[in-house]
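Peer 1: 3D, please:
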Amino acid sequence: MKKYKLFILAAAFTTFIMGCEDLEVQNLNAPDRATLLANPAEYPASINGAYTSFWRAIQLSQPNMPISVMAQGPSMSWGNWGARDMGTIPRAALQNNLTYGNRGTWRNPWNNLYATLGPVNSILSILADDPTIVVPDGTGNDVTQQTIANAKAVQGLALGYLSLLFDQAYIVDENSDPSALTFSAYGDVNDAAIAKLEEAVALFSGSSFVMDGWFGLSFTGDDAADILRGFIAKFEMAQARNSGEAASVDWNRVLTNATAADVGLSPIGDAGNNWWHRMLIQGQDGGWMRVSQKVIKLMNPTKPEAEVPYPWPDGVNTFPEITTPDDNRVTSDFTYSASVDFSAARGYYFFSNYDYSRYESFRAGFTDPMDFLTTSENDLMRAEALIRTGGSKTDAANIINNTRVTRGGLAPLTGAESDADLLNAITYERIVEFTWHGSCNVWFFRRMVTPAGNTDATNLYYLEPATARHMPVPADELSIFGLPFYTFGGNQPEQ
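Peer 2: Predicted coordinates:
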């Protein structure tokens, strides 16, 4: 049987068995696959639909909302999406079973990232099986290699986020036999993702190939390659589950790719159909979500504990506005609210007086750009790589100052600081600048600086003790093959 037929059967089986309850997904791959196999003219549209599927798999509500609460970037005591369960202190284990109502936090990205890979792998398999096939664009031009470049890009993106989110996953591409799949450790999945992105970079570099699957955006040739280099740098770096693993990252790879990645990625909202994400909607509504008090304390190190405590003390319902914050972004990006709508019975540690409002205009119609992987984020990866590879600390300091000084109004760094102080400054900027950007960013940023087995609940950079460092393979998936359920966090292993 042709490989692509196996992929279609496997994808259909998985979708049927796992069901679609609470999945934020729709069929974006029109026409249907039977037509797709017979009509190469539909391949470009199908690949563009896969970019949309990728976005929807990670950016909408799950896993981003509850996992970000667990990592204490935003705070929220409501039960929606499992935020209360995952934000409770002391930490409880992730509830990886078939009855947990919010298991979509790990099931949805798992299912949807693999659904993203299905049509992409099918198209690449078809083209590999029959090299005579020509993929035309709307005017009859041959865009076969452009289609392959975009397909490889989507493969890398989907596998990359599987590696960042889960402890293990399937590595699937156009050459895989779906009847013989086995789980691979997250590091191996990460390597496979980067290999796919590097193939795509090689195809886009120096070409006129177009990447236009990101809604409202189009990148050509080297610009498309640079977008993907940014993801290579991020995947290499963010795979680290603790500070020890962060030291073992290939920082030369990060440096090479982050230096080249000088193009930012901010897809345009489409009024709430597919291209949106909840962190820019309810995540900027103070009745739903606040900026974690852990972040507020981090941003005001000179303020006395009585003015800016962490953790928020029991029995206290509000604190006065911080009129002279240490970091200007407390005023520019946040909005003070004297009342806190959360339930005290669920834990005062959820409380905060500050709403996030940097992108408040998005809430008017959901049509603004949505920062996903910005040049500022790329620059900070380059700064960290410079420090960790013995490069110029002066250059690294200047990069950090781009947001630290111009947006935060903080004292500029010079490069004479210790490596530890410079790295702390980078983590600080990441938490403040990028938590509301890419899915689960604050979790990735905190876990890579938190020592394995951390017991320090006072460190403002670290994850709360006993916080899960990755998600398990969903119970729905394990149950198909009769495999035992397992989980992380709380009284279970961190990773």
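Peer 1: show me what the longest helix along the chain is packed up against.
Peer 2: The longest helix of the chain (DSSP state H) is helix 104-129. Using 3 or more CB pairs under 8 Å, 6 or more residues apart in numbering; DSSP states H and E, the elements in contact with helix 104-129 are helix 3-18, helix 33-38, helix 43-59, helix 144-165, helix 475-480. Backbone N, C-alpha and C define where each C-beta goes, glycine included.
Peer 1: quickly, which of those bottoms out on average pLDDT?
Peer 2: Lowest mean pLDDT within the helices and strands packed on helix 104-129: helix 3-18, at a mean of 36.
Peer 1: residues contacting the residue nearest the centre of the chain?
Peer 2: Residue closest to the mean C-alpha point of the chain, counted by CA atoms, centre = their mean, is Ser439 at 3.2 Å. When contacts are counted by CB atoms under 8 Å, 6 or more residues apart in numbering, Ser439 touches Ile58, Gln59, Pro63, Asn64, Tyr161, His277.
Peer 1: run the last query once more with 10 Å
Peer 2: 55, 57-65, 67-68, 109, 161, 164-165, 277, 279, 372 (CB atoms under 10 Å, 6 or more residues apart in numbering).
Peer 1: does it count as helix, strand or coil?
Peer 2: coil (DSSP: H, G, I helix; E, B strand; the rest coil).
Peer 1: what about it, distance to Leu280?
Peer 2: According to CB to CB, to the nearest Å, Ser439 stands 12 Å off from Leu280.
Peer 1: which neighbours do the two have in common?
Peer 2: Gln59.
Peer 1: secondary structure element holding the closest residue to Thr318 other than its chain neighbours?
Peer 2: Distances taken as CB to CB, 6 or more residues apart in numbering place Ala338 nearest to Thr318, at 5.4 Å, with adjacent residues excluded. Using DSSP states H and E, Ala338 maps to neither a helix nor a strand.
Peer 1: is it true that Ala338 touches Ser352?
Peer 2: No. Counting by CB atoms under 10 Å, Ala338 stays clear of Ser352, with 11.8 Å between them.
Peer 1: now for the two: what residues contact both?
Peer 2: Phe319.
Peer 1: neighbour-wise, which of the two wins?
Peer 2: Ranked by neighbour count (other CB atoms under 10 Å), Ala338 and Ser352 place Ser352 first, with 25 against 10.
Peer 1: what sits against that one?
Peer 2: If you count contacts by CB under 10 Å, 6+ apart, then Ser352 has 74-76, 286, 289-296, 312, 319, 334, 337, 340, 342 around it.
Peer 1: gap between it and Ala83?
Peer 2: 14 Å.
Peer 1: which residues do those two both contact?
Peer 2: Joint contacts of Ser352 and Ala83 (CB under 10 Å, 6+ apart) are Pro74, Ser75, Met76, Met289.
Peer 1: so, low pLDDT: which residues of the protein?
Peer 2: 1-37 (pLDDT under 70).
Peer 1: could you chop it up by domain?
Peer 2: 3-274, 292-357, 375-434 (automatic domain parsing).
Peer 1: can you put the ones you listed in CSV and add distance to Val449?
Peer 2: CSV is the format used below for the domains of the chain (distance: least, CB to CB, whole Å):
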stretch, distance to Val449
domain 3-274, 5
domain 292-357, 12
domain 375-434, 5
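Peer 1: number of residues surrounding Pro412?
Peer 2: 11.
Peer 1: residue contacts, the residue nearest to Ile281 when sequence neighbours are not counted?
Peer 2: Setting aside the residues directly before and after it, Ile281 is nearest to Arg363 in space (CB to CB, 6+ apart), at 6.0 Å. By CB under 10 Å, 6+ apart, the contact list for Arg363 reads Leu280, Ile281, Gln282, Gly283, Gln284, Asp285, Ser357.
Peer 1: list phi and psi for the residue of the chain positioned farthest from its centre.
Peer 2: Distance from the C-alpha centroid of the chain, by CA atoms, centre = their mean, peaks at Thr132 (37.9 Å). Main-chain dihedrals, Thr132, degrees, to the nearest 10: phi -80, psi -10.
Peer 1: now it: how far from Ile126?
Peer 2: 11 Å.
Peer 1: also Leu113?
Peer 2: Taking CB to CB, one finds Leu113 at 21 Å from Ile126.
Peer 1: try Glu245
Peer 2: 38 Å.
Peer 1: compare the two (neighbour count), which wins?
Peer 2: Neighbours were counted for Glu245 and for Ile126 using other CB under 10 Å; Ile126 has more, 21 against 16.
Peer 1: what's the spacing between Ala38 and Asp142?
Peer 2: 18 Å.
Peer 1: same question, Phe362
Peer 2: Look at Phe362 and Asp142: by CB to CB, they are 39 Å apart.
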